[in-house]
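S.K.: what follows is a predicted structure for the sequence shown.
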Amino acid sequence: MRLAPRRTRTGRARLLVSLLAVTGVVGAALALAPGAAAATSPSGTSARAMWVWDTSTPVATVDLAVASGVGQLFVAVPPNVTTSPQLANLRTLSERARAAGIRVDALGGDPGWVDNPSWVVTYWLKPARSTGLFTGIHTDVEPYTTAAWTTSQSTVVAKYLSLLDKLRANAGTSPIEADIPFWFNEIPAKTATGGASTLDREIMRRTAGVTVMAYRNTAAGTDGTVDIATAALTAGSALGKPVRIGQETTYLGDTAAEVKQTFFGWTRTAMESQLAQVETGASTYASYAGIAIHSAAGYAAMAP
């Protein structure tokens, strides 16, 4: 979930390497009853969402979500989850979250998925749904990190949209959401009938909603969060699709371009002053659906 100066990149495995473990950090900060109702967000407005890549501390993770006003969790699910050693923790996390009134979605994605949609359905989507632990499906594919993106972008775009079509066709009643970078409005795509469109809009047409990775630690002004999220918010309003705004809390690097994309090193109080401004600016759009925090581990490590 990392934004380069213009592009976005995650590095799902790297996100967890340099962060403090959720265990201990969250446990020391929280003392909530397991069945406590989810609170409103710190800004007092819409409930938030949060990515959870590390599922090794389910109780602490749900306690953090409750205390932080999180109403929806995107929880990483491995392939073949029904036989995975992670299943027990996923079950605990899902059951405790639901008891607290928090929706839990299965989170998955890899750039290679664009070339293997049938594998994704067979070995990831269907096993995840069969557990009964998840309400929706949340994808983080990031096709722009493939080598083919620079040599045959239109082909990768078409494959990515076909993947979303395949997921939707096999998801049953589970709503599908997708993470997108803020610049997908600049990427040409075709409609189902062959007309000219943009990638952000075609993703929205195939999903129940999106989370735009508008990673900036300044809310207002040129190149601020609201500014770079405007295209997605506008498209969502036109298409009647909800748009969340993703905000980063993990370490991305030390360059100016990397530092401006994350609240890493900030206190939560200082971050909230910016997020309140994001809420104010984005709430003028009918599509705005709240803020998503990336990620539980990064947020847990922040000082109050």
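M.R.: Looks like it came in fine. Numbers count the residues shown, from 1 in each chain.
S.K.: which stretches of this protein form helices?
M.R.: 12-17, 22-29, 58-67, 87-99, 117-120, 126-130, 148-151, 153-170, 199-206, 225-239, 256-259, 268-282, 296-300 (DSSP state H).
S.K.: touching, Asp54 and Ala300? I think so.
M.R.: No - applying CB atoms under 8 Å as the test, Asp54 and Ala300 come out as separate, 9.7 Å apart. (Glycine included, C-beta is placed from N, CA and C.)
S.K.: tell me which of the two has more neighbours.
M.R.: Ala300 (27 against 20; other CB atoms under 10 Å).
S.K.: that one reaches Asp63, doesn't it?
M.R.: No - look at Ala300 against Asp63 with CB under 8 Å: they stay out of range, at 9.9 Å.
S.K.: before we move on, the earlier item: right, and the helices of the chain - which one's nearest Ala219?
M.R.: Smallest distance to Ala219 across those (CB to CB): 3.6 Å, for helix 268-282.
S.K.: list the buried residues of the closest one.
M.R.: Neighbour counts over helix 268-282 (16 or more other CB atoms under 10 Å) mark 268, 271, 274-279, 281-282 as buried.
S.K.: need those in TSV (columns: pLDDT and distance to Ala296).
M.R.: Output for these, formatted as TSV (pLDDT from 0 to 100; distance: CB to CB, whole Å):
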residue	pLDDT	distance to Ala296
Arg268	97	13
Met271	98	15
Gln274	98	19
Leu275	98	16
Ala276	97	21
Gln277	98	23
Val278	98	19
Glu279	97	20
Gly281	97	25
Ala282	98	22
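S.K.: a markdown table for the residues you listed, including distance to Ala232?
M.R.: What follows is those, written out as a markdown table (distance: CB to CB, whole Å):
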| residue | distance to Ala232 |
| --- | --- |
| Arg268 | 25 |
| Met271 | 21 |
| Gln274 | 19 |
| Leu275 | 17 |
| Ala276 | 20 |
| Gln277 | 18 |
| Val278 | 13 |
| Glu279 | 16 |
| Gly281 | 13 |
| Ala282 | 10 |
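S.K.: I'd like to know how many residues surround Asp63.
M.R.: 24.
S.K.: all numbers from here: first residue = 304
M.R.: Sure, I'll start counting at 304 from here, so that last one is Asp366.
S.K.: tabulate the helices of the chain (CSV), appending distance to Thr442.
M.R.: Formatted as CSV, these follow (distance: least, CB to CB, whole Å):
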stretch, distance to Thr442
helix 315-320, 13
helix 325-332, 23
helix 361-370, 21
helix 390-402, 17
helix 420-423, 9
helix 429-433, 11
helix 451-454, 17
helix 456-473, 7
helix 502-509, 9
helix 528-542, 16
helix 559-562, 25
helix 571-585, 22
helix 599-603, 18
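S.K.: Val384: which of those helices is closest?
M.R.: Of all these, helix 429-433 comes closest under CB to CB, at 4.9 Å.
S.K.: so which elements touch that closest one?
M.R.: strand 406-411 (3 or more CB pairs under 8 Å, 6 or more residues apart in numbering; DSSP states H and E).
S.K.: pull the contacting residues for the residue nearest to Thr514 when sequence neighbours are not counted.
M.R.: Nearest non-adjacent residue to Thr514, counting by CB to CB, 6 or more residues apart in numbering: Arg547, 4.2 Å away. Contact partners of Arg547, counting by CB atoms under 8 Å, 6 or more residues apart in numbering, are 352, 512-515, 592-595.
S.K.: give me that answer again for 7 Å
M.R.: By CB atoms under 7 Å, 6 or more residues apart in numbering, the contact list for Arg547 reads 352, 514, 592-595.
S.K.: point out where this protein drops to low pLDDT.
M.R.: By pLDDT under 70, the low-scoring segments of the chain are 304-349.
S.K.: hmm, 80 instead?
M.R.: For the chain, the stretches flagged by pLDDT under 80 are 304-350.
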